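S.K.: I'll drop the sequence and a predicted model, then ask my questions.
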Amino acid sequence: MDTLQNMRVFVRVVEAGSFTGAAQSLNSTTGAMSRAVSELEAHLRTRLLNRSTRRLALTTAGERYLKRSQQILADIDTAEEEASCAHECPTGALRMHSFASIGQHYVLPAISRYRALYPEVTVELNLSQRMPDLFEGSADVAVISASTLPNSDLVSLPLGTTFSILCASPAYVRTHSAPQKPADLAHHECLILHTPAFPPHEWVLDGPNGSETMEVNGPVHVNIAESLIVAIREGMGIGMVPLYAAISGLRDGTLVRVLPEYTLQKTNVYALYPSRKFIDAKTRTWVEFLRTHLPKVIARDEALLAEVARAGTADDDAEVPVGGSGGGDIATR
């Protein structure tokens, strides 16, 4: 027996004043209406309606049950309407997971721009270095970086590709000089960044001679790029920093790039979510926003890196002798 459907029939019979009227409004038959109410009464083991050939009358139990039924059915209709609206109007809490550095440099600024478009959406962002289990319901969307993704039932949307570079502090370079080739890293303090995507002690440098793999170790190990940058600025050594985390320091001069012809850890940035079926509006619009927004931001960072490199070349070219033919002072930065 479908109790909920029989409850709807009972309410409609009372509102219509007859089984015939209820049957017409529900596009059914009078017999089906009568059977539904009889099933409901048998289930409840109480009479809800007193029937005669000319009219129907609610019993005392029927009056109480009618009020409860009307409220229950109204609540169900409201719940269905809200759920349906969730697939049309971006509202409510959007729960997100992101790796920490990408979250700070890419996701949080994107959230600001997204909420300017959809102010009815609130955001709960969890930052960590672990891969989330979206099927356990802890988040609606994850933004991660990885060289490849393991096989899973998650929907993955590629958002762009980024990479890391080697950085040191100006003080470290003045004291220890900059490495001129990857093999020189063996004679430097190398700061280790632990990430879910790559072995921490293996640096694969892509450059003029193809890929060169260096086994590295050092006195400081961290798991967040921003902490690594602090260690680099303190002159502790050379570190491998994601481009998006390094740009600010390169531009203000607190970081300098070493082995500038090389890049490391090329990674893809993905948005992950559990299903394309019945995806709600806030998740759909957020994913679509990332699809258009994030590639532009990644391209901007690569352009800024090129701008920093050009500025450094211009500064180097400015270091030429000035004065007479007999020699003179050297113009320095």
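M.R.: Sure, I can see it. Residues are numbered from 1 along each chain as shown.
S.K.: which ones are touching the residue lying closest to residue 173 once chain neighbours are set aside?
M.R.: Distance criterion CB to CB, 6 or more residues apart in numbering; nearest residue to residue 173, sequence neighbours excluded, is residue 256 at 5.8 Å. All C-beta spots, glycine's among them, are computed from the backbone N, C-alpha and C. Applying CB atoms under 8 Å, 6 or more residues apart in numbering, one finds that residue 256 lies in contact with 167, 168, 169, 170, 173, 178, 250.
S.K.: What subset of these is buried?
M.R.: Buried members of the contacts of residue 256, scored by 16 or more other CB atoms under 10 Å, are 167, 168, 169, 178, 250.
S.K.: Closest one of these to residue 67?
M.R.: Set against residue 67, the nearest of the buried ones among the contacts of residue 256 by CB to CB is residue 250 (70.1 Å).
S.K.: hmm, back to that, for residue 116, state which of the contacts of residue 256 is nearest.
M.R.: Taking CB to CB as the measure, residue 116 sits nearest to residue 250 out of these, at 28.7 Å.
S.K.: I'd say that closest one and residue 308 touch.
M.R.: Yes: shown here, residue 250 and residue 308 form a contact pair, counting by CB atoms under 8 Å, at 4.8 Å.
S.K.: Quickly list what's touching both of those two.
M.R.: residue 257.
S.K.: What ranges does the stretch 101-250 of the chain have for its strands?
M.R.: Assigned by DSSP state E, counting those that start in this stretch, the strands in the stretch 101-250 of the chain fall at 121-127, 141-146, 155-168, 190-193, 202-207, 210-215, 221-222, 238-242.
S.K.: Figure out which of those is closest to residue 294.
M.R.: Proximity to residue 294 (CB to CB) singles out strand 155-168 among these, at 4.4 Å.
S.K.: Remind me what the closest one packs against, helices and strands.
M.R.: Here strand 155-168 touches helix 225-233, strand 238-242, helix 243-252, strand 256-258, strand 263-273, helix 281-317, going by 3 or more CB pairs under 8 Å, 6 or more residues apart in numbering; DSSP states H and E.
S.K.: If we ignore the residues flanking it in sequence, what's nearest residue 3?
M.R.: Excluding the flanking residues, the one nearest residue 3 by CB to CB, 6+ apart is residue 43, at 6.5 Å.
S.K.: list the buried ones in the helix or strand that neighbour falls within?
M.R.: For residue 43, the host element (DSSP states H and E) is helix 30-44. The neighbour-count check on helix 30-44 (16+ other CB under 10 Å) flags 33, 34, 36, 37, 39, 40, 41 as buried.
S.K.: packing partners for it?
M.R.: helix 3-16, helix 19-25.
S.K.: Just the residues contacting it, thanks.
M.R.: By CB under 8 Å, 6+ apart, the residues outside helix 30-44 that reach it are 1, 3, 5-7, 9-10, 12-13, 19-20, 22-23, 26, 47-49, 61, 65.
S.K.: measure residue 216 to residue 210 for me?
M.R.: Here the criterion is CB to CB, to the nearest Å. By it, residue 216 lies 19 Å from residue 210.
S.K.: now stretch 162-173: how far from the chain's centre is it?
M.R.: Stretch 162-173 has its C-alpha centroid displaced from the chain centroid by 28 Å (CA atoms, centre = their mean, to the nearest Å).
S.K.: ugh, wrong one, stretch 179-197
M.R.: With CA atoms, centre = their mean, you get 30 Å for stretch 179-197.
S.K.: Just the CA trace of that stretch, in CSV.
M.R.: Taking C-alpha atoms only, stretch 179-197 is exported to CSV below (Å, rounded to 0.1, in the frame of the first residue of the first chain):
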residue,chain,number,x,y,z
PRO,A,179,73.7,26.8,-9.4
GLN,A,180,74.6,26.9,-13.1
LYS,A,181,73.4,23.4,-14.0
PRO,A,182,71.1,20.8,-12.3
ALA,A,183,74.1,18.8,-11.1
ASP,A,184,75.2,21.8,-9.0
LEU,A,185,72.2,21.3,-6.7
ALA,A,186,74.1,18.5,-5.0
HIS,A,187,76.3,21.2,-3.5
HIS,A,188,73.4,23.3,-2.2
GLU,A,189,70.9,23.2,0.6
CYS,A,190,67.7,22.0,-1.0
LEU,A,191,64.4,22.6,0.9
ILE,A,192,61.9,19.8,0.6
LEU,A,193,58.2,20.3,-0.2
HIS,A,194,56.0,17.3,0.4
THR,A,195,52.9,17.1,-1.8
PRO,A,196,50.5,14.3,-2.7
ALA,A,197,51.5,14.4,-6.4
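S.K.: could you give the mean pLDDT of it?
M.R.: Mean per-residue pLDDT for stretch 179-197: 91.
S.K.: Same check on stretch 143-151?
M.R.: For stretch 143-151, the per-residue pLDDT averages 82.
S.K.: Same check on stretch 24-31?
M.R.: For stretch 24-31, mean pLDDT is 88.
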